[in-house]
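J.: Give the three-dimensional model of this entry:
(one chain, ligands or ions: 1)
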Amino acid sequence: MKSLLVYLKEYKKETVLAPLFKMLEASFELFVPLVMAAVIDVGIASGDGSYIIRMCLVLIALGIIGLVCSITAQYFSAKAAAGFGTGVRHALFEHIQNFTFTEMDTLGSSTLITRMTSDVNQAQSGVNLVLRLFLRSPFIVFGAMIMAFTVDAEAAVIFVVVIPLLSAIVFGVMLITMPMYRNVQSRLDSVLLTTRENLAGVRVIRAFNKEQGERERFEKENQMLTDAQKFVGRISGLMNPMTYIVVNGGIIALIYTGAVRVNMGSLTQGEVVALINYMSQILVELVKLANLIITVTKAVACGNRIENVLKIHPDMENGSMSWEEGKERAEHAHSGGADEVPIVEFDHVSLAYKGAGAESLGDISFRVMPGETVGIIGGTGSGKSSLVNLIPRFYDATGGEVRIFGQNIKEYDTESLRRHIGVVLQKAVLFKGTVEENLRWGNEQASAEEIEEALRISQAKEFVDNKDGKLSFRIEQGGRNLSGGQKQRLTIARALVRKPDILILDDSASALDFATDAALRSAIGGMKEHPAVFIVSQRAASIQYVDQIIVLDDGRVAGKGTHEELIRNCPAYREIYYSQFPKEEAANG
Ligand SMILES: Nc1ncnc2c1ncn2[C@@H]1O[C@H](COP(=O)(O)OP(=O)(O)OP(=O)(O)O)[C@@H](O)[C@H]1O
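T.: Down below sits the predicted model:
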């Protein structure tokens, strides 16, 4: 939590003024019992009405001044806490943007959402409360004790016994509950994860009649959260009765001692009332302190969870070479007489995901020249997506080397690298906004002609033209007002608007009919500045005519070459091909 306090730096003035005004309020509060004692001992004892009225006016003045101080403190603490929360949220968001896919996989998005929202809110309330109470409450507790000593040292000994006892209870509860709040937060993560999964997959759940199972899963997670909260609540709940018992015991002792000492003539009635008032003030303040400690305990637990995310440094180091620099080097070497340098080269590449035992890719080697089209085919889980994900450096190879223009991909600045790669992922994701806004994600500066061209190549032009408002047609969240095929075509257009040097289509034509898929491939083939294209597909027809096909089987290259070569030499390819085109059909075709 400590390192988060830097986000209060901009609010130094507020962090000083808020506790100071609270202390000022507390100082006025400490005088109230003395004024009341004077009203009883002087005003009432001598029947002096005007004295009583004057003292009552003093009490009202003390109250008003205290209120003004309190409101001012509240203003400063709220300002500092809100600024702190905004700063932390901003830093967390920025930090998460730098996470690699590996970190995102490890942490999971639901815990990151909890940390960005409820954890930050909790830490913010902690800061707000601390600024107001961390000086005020101990000040009143010790101030009231000192005032009690000035009233009557002998009776005040009771305070010396009561305060440490109360402190022991308060701090004891705090120490016990601290780790429990951490547990509560992680249970909250699980509930959010279940909720998110349920909401994201609501159609599938209904289609498979799994509502009951999902309900039970949610209830189980929710029950575990409730149990954890109840348990910690019970322990925290012990604090108030325990503190009240001790304080009321103290008041009884005070009334008894006071009565004896009033009888002896060494204490006045007003002074006994003042002592009881001080004891009550201490009780109220300790209850506030206890609540403060509970809030702070939660805030620290939440702050630590935020800090743990901020402490994660992406294990992917960014290089400094720009795409243009890499390309220039390659061209320079070629014009100097060397062979043309491949735009992408895999040299004995392997990949084992973090936490996964086995390798998902092993010993993969191939070279792709600029403008070439490569097809990647293989059964489900054979590693096709894993392979193409290494090209924009979504993951780093755990063995071997991926090279772009002959340079290790790790030498490149990832931003520059990704600017030249158009990726169309398996799952078409669009954002709420117009068609044009979505396409401009690919390139904000794209001209109207470039957008039209991208729509034409991706076979999306016709359906966009038929939509109300055409490019201004509003896409709903997640693209739910578009069909699967329309979404896929728009995500392809978005990647094309970027005019990439490498275009990766990861099973991104799966929702298109054969004719549209063929028209798409032919339009990509006819592009003026033809990028190197990687087509990942389960359909042999989609990759049959490409320059090079890589056949993957269980993370290994089972074959590499043109369609004709593979039909002759690669049993795995033959099996896939003939399962989709029975021999007679293939022979006739
Ligand atoms: N982020 C990840 N973390 C851990 N393991 C992963 C991750 N992504 C993929 N894998 C594993 O790597 C292997 C290859 O998966 P990959 O998605 O690359 O296959 P694929 O050939 O693209 O499959 P499909 O055609 O079904 O999309 C699988 O065993 C999968 O479980």
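J.: in the stretch 1-150 of the chain, which spans are strands?
T.: Under the criterion DSSP state E, counting those that start in this stretch, the stretch 1-150 of the chain carries no strands.
J.: who in the stretch 351-500 of the chain is up against the ligand?
T.: Tyr353, Ala356, Ser360, Gly378, Thr380, Gly381, Ser382, Gly383, Lys384, Ser385, Ser386, Gln426 (C-beta under 6 Å from any ligand atom). All C-beta atoms are positioned from the backbone trio N, CA, C, and that covers glycine.
J.: Make JSON lines from those residues and add secondary structure to it.
T.: JSON lines is the format used below for these (DSSP: H, G, I helix; E, B strand; the rest coil):
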{"residue": "Tyr353", "secondary structure": "coil"}
{"residue": "Ala356", "secondary structure": "coil"}
{"residue": "Ser360", "secondary structure": "coil"}
{"residue": "Gly378", "secondary structure": "strand"}
{"residue": "Thr380", "secondary structure": "coil"}
{"residue": "Gly381", "secondary structure": "coil"}
{"residue": "Ser382", "secondary structure": "coil"}
{"residue": "Gly383", "secondary structure": "coil"}
{"residue": "Lys384", "secondary structure": "helix"}
{"residue": "Ser385", "secondary structure": "helix"}
{"residue": "Ser386", "secondary structure": "helix"}
{"residue": "Gln426", "secondary structure": "coil"}
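J.: Could you give me the ChimeraX syntax to select whichever of the residues you listed are buried?
T.: Applying 16 or more other C-beta atoms under 10 Å to these, the buried members can be selected in ChimeraX as follows:
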select :353,360,378,382,383,384,385,386
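J.: Please tell me how far the residue nearest to Phe139 when sequence neighbours are not counted sits from Gln281.
T.: Nearest in space to Phe139, with sequence neighbours left out and distances taken as C-beta to C-beta, 6 or more residues apart in numbering, is Ala26 at 5.0 Å. Remark: distance between Ala26 and Gln281 (C-beta to C-beta, to the nearest Å) = 9 Å.
J.: circling back: thinking the residue nearest to Phe139 is in contact with Arg136, fair?
T.: Yes - if you go by C-beta atoms under 8 Å, Ala26 and Arg136 touch, sitting 4.9 Å apart.
J.: Contacts for stretch 329-345, please.
T.: The contact list for stretch 329-345 (C-beta atoms under 8 Å, 6 or more residues apart in numbering) reads 366-370, 372, 391, 402-407, 501-502, 532.
J.: I'd guessed Asn463 sits against Leu490; true?
T.: For the record, residue 463 is Phe, not Asn. No - between Phe463 and Leu490 there is no contact under C-beta under 8 Å: 9.1 Å.
J.: and the two? which has more neighbours close in?
T.: Neighbour totals were compared for Phe463 and Leu490, and Leu490 leads with 25 against 17 (other C-beta atoms under 10 Å).
J.: Which helix or which strand is home to that one?
T.: Assigning secondary structure by DSSP states H and E places Leu490 in helix 484-497.
J.: Flag every buried residue along that helix.
T.: Quick answer for helix 484-497 (16+ other C-beta under 10 Å): 485-497.
J.: what's the closest of the residues you listed to the ligand?
T.: Gln488 (14.5 Å; C-beta to the nearest ligand atom).
J.: Tell me, what's the model's pLDDT at the closest one?
T.: We have a pLDDT of 90 for Gln488.
J.: so who does it touch?
T.: Counted by C-beta under 8 Å, 6+ apart, Gln488 has contacts Val424, Ala428, Ser508, Ala509, Ser510, Ala511, Leu512.
J.: What about the fourth one, how many residues nearby?
T.: Neighbours of Ala509 under the rule other C-beta under 10 Å: 25.
J.: again, but for the fifth one
T.: For Ser510, the tally of surrounding residues (other C-beta under 10 Å) stands at 17.
J.: Helix, strand or coil: sort out it for me.
T.: Look at Ser510: counting by three-state DSSP, its state is coil.
J.: list the contacts for it?
T.: Gln426, Gln488, Ser537, Gln538, Arg539.
J.: Likewise for the first one?
T.: Val424 makes contact with Gln488, Thr491, Ile492, Arg494, Ala495, Leu503, Ile504, Leu505, Asp506, Ser508, according to C-beta under 8 Å, 6+ apart.
J.: change it to 10 Å
T.: Val424 makes contacts with 458, 488-496, 503-509, 536, as judged by C-beta atoms under 10 Å, 6 or more residues apart in numbering.
J.: Quick one, grab the pLDDT at it.
T.: For Val424, pLDDT reads 91.
J.: Break down the stretch 251-400 of the chain into its helices, ranges please.
T.: Assigned by DSSP state H, counting those that start in this stretch, the helices in the stretch 251-400 of the chain fall at 269-311, 323-335, 384-389.
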